[in-house]
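*Asks:* Predicted model and sequence below, questions to follow.
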Amino acid sequence: MANADFSPSEWSFGDLLEQVRLRPSMFLGSTDFRGYVDYLLSTFDLMLRGGATWIDFEFGESILVTSDAAIAVNLAREAFRQDKVFQFPRQTRTQLGIWPSVNGVCLFALSESCRIDLQDGETRAELIFHRGELISYEQSNSKTDTPECQFEFVPDWDIFTDRACPIESIRSRTRLLAGFHPGITFRVRSESGMTEFRFDDGLLEVFRQLTVFSPSLHEPVVIDEFDPERDLRVRAVFGTRYRSGTELTSFVNRRRTVDGGTHERGFTDTLRWFRKRFHADADQRESIVIGIRALLAIDSPNVMFEGAVKNRVITPAYRERARTLTRRGIETWLADRPEEFKLPHTIPGETFPDPLW
């Protein structure tokens, strides 16, 4: 999905549109297949910020995305008609209904055409863009008593280098997004049919699907910890299994970090301890090999990436914070499940060493 961590605070909205068109990789990470998929799904962030309970994505010659999100119509009018300085205040970064965001700018700027229909139950606003330029704005009374919004757009093929986008890739990314947003219904439609995703247990259900042929040796460990001082949230699901090595899939702000980074290093520091502590006796038997399968998700506005593609996180503090939050999450999980200490592959009565690493 389009990266929302870049938050210029002093550019005018028009200047920002120009910057996105001149340097799209700076905002999307790339303009190849990966960046194209992020662009296609950029509307999801806007709708989730608007409190959507369902999102419908239809893939065709044009892209049609509909939801019940309540997007701030008045804010849209002020931003586009008065060309106010673009702001993305820290205190409202995760607040629902804040619009526009960098995700929205990427959508407007990188589309050949884009039509947006917003209804909040009282007011209706229809906006039409051509390559980032607002060419039409109309406001009237809402036709519905409940919020509804619709985005219809066509990519600008002078920007993107890869037109081939299998619908399976969209479904795969949407399934992960459903895991990040439990209770939200996502539907993907194409000529081949409709697929619906909804996970009540979030990442845990995604993890169970990924490990159906190689299940954990114990109940999966689920971590959800937040550091308010650094505005950092760490979510993870992992389990040990009879297979060597650590297989880790990580995300930062719902974007896959293929080359890892400091957040992965801090997380795996604690995983190594967990594996040793939980299966110390198994390691002494040559016939048994223990490995770990894990999903890791980091959410923070203060992420530093290496290069424009944004595949690797280099924020120095993330290693220590990921270790600390992961440790705290494991302690909570074990405290709630004392029966796990009674399994034959554990060391009865052993407590957490300090430090773990």
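*Replies:* Okay, I see it. Just so it is clear, the model here is predicted, and its values are computed rather than measured.
*Asks:* which regions of the stretch 101-250 of the chain sit below the pLDDT cut-off?
*Replies:* Applying pLDDT under 70 to the stretch 101-250 of the chain flags the ranges 101-104.
*Asks:* what about the strands in it?
*Replies:* 111-119, 123-130, 133-141, 148-155, 185-190, 193-197, 221-227, 232-241, 246-252 (DSSP state E, counting those that start in this stretch).
*Asks:* so of those strands, which one's packed in deepest?
*Replies:* strand 232-241 (a mean of 23; mean count of other C-beta atoms under 10 Å). C-beta here means a position set from N, CA and C on the backbone, and glycine is covered the same way.
*Asks:* how about the strands of the stretch 101-250 of the chain in CSV, adding distance to residue 268?
*Replies:* Converted to CSV, those look like this (distance: least, C-beta to C-beta, whole Å):
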stretch, distance to residue 268
strand 111-119, 40
strand 123-130, 44
strand 133-141, 47
strand 148-155, 37
strand 185-190, 30
strand 193-197, 29
strand 221-227, 14
strand 232-241, 10
strand 246-252, 6
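*Asks:* Of all the ones you listed, which one is nearest residue 39?
*Replies:* strand 148-155 (6.9 Å; C-beta to C-beta).
*Asks:* and the angle from the closest one to strand 123-130?
*Replies:* If you take axes from the mean of the first three to the mean of the last three C-alpha atoms, to 10 degrees, strand 148-155 sits at 0 degrees to strand 123-130.
*Asks:* which strands and helices sit next to strand 148-155?
*Replies:* helix 33-40, helix 42-49, strand 63-67, strand 111-119 (3 or more C-beta pairs under 8 Å, 6 or more residues apart in numbering; DSSP states H and E).
*Asks:* Tabulate the CA atom coordinates of that strand in CSV.
*Replies:* Extracted in CSV, the C-alpha atoms of strand 148-155 (Å, rounded to 0.1, in the frame of the first residue of the first chain):
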residue,chain,number,x,y,z
GLU,A,148,-20.8,6.2,1.7
CYS,A,149,-17.8,6.9,-0.5
GLN,A,150,-16.7,5.7,-4.0
PHE,A,151,-13.5,6.1,-5.8
GLU,A,152,-13.2,5.4,-9.5
PHE,A,153,-9.8,5.8,-11.2
VAL,A,154,-7.6,4.9,-14.2
PRO,A,155,-3.8,4.6,-13.7
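*Asks:* Give me the angle between it and strand 111-119.
*Replies:* 180 degrees.
*Asks:* List the contacts of strand 148-155.
*Replies:* For strand 148-155, contacts defined as C-beta atoms under 8 Å, 6 or more residues apart in numbering pick out 36, 39-40, 43, 46-47, 50, 61-71, 107, 110-119.
*Asks:* Alright, calling it a day.
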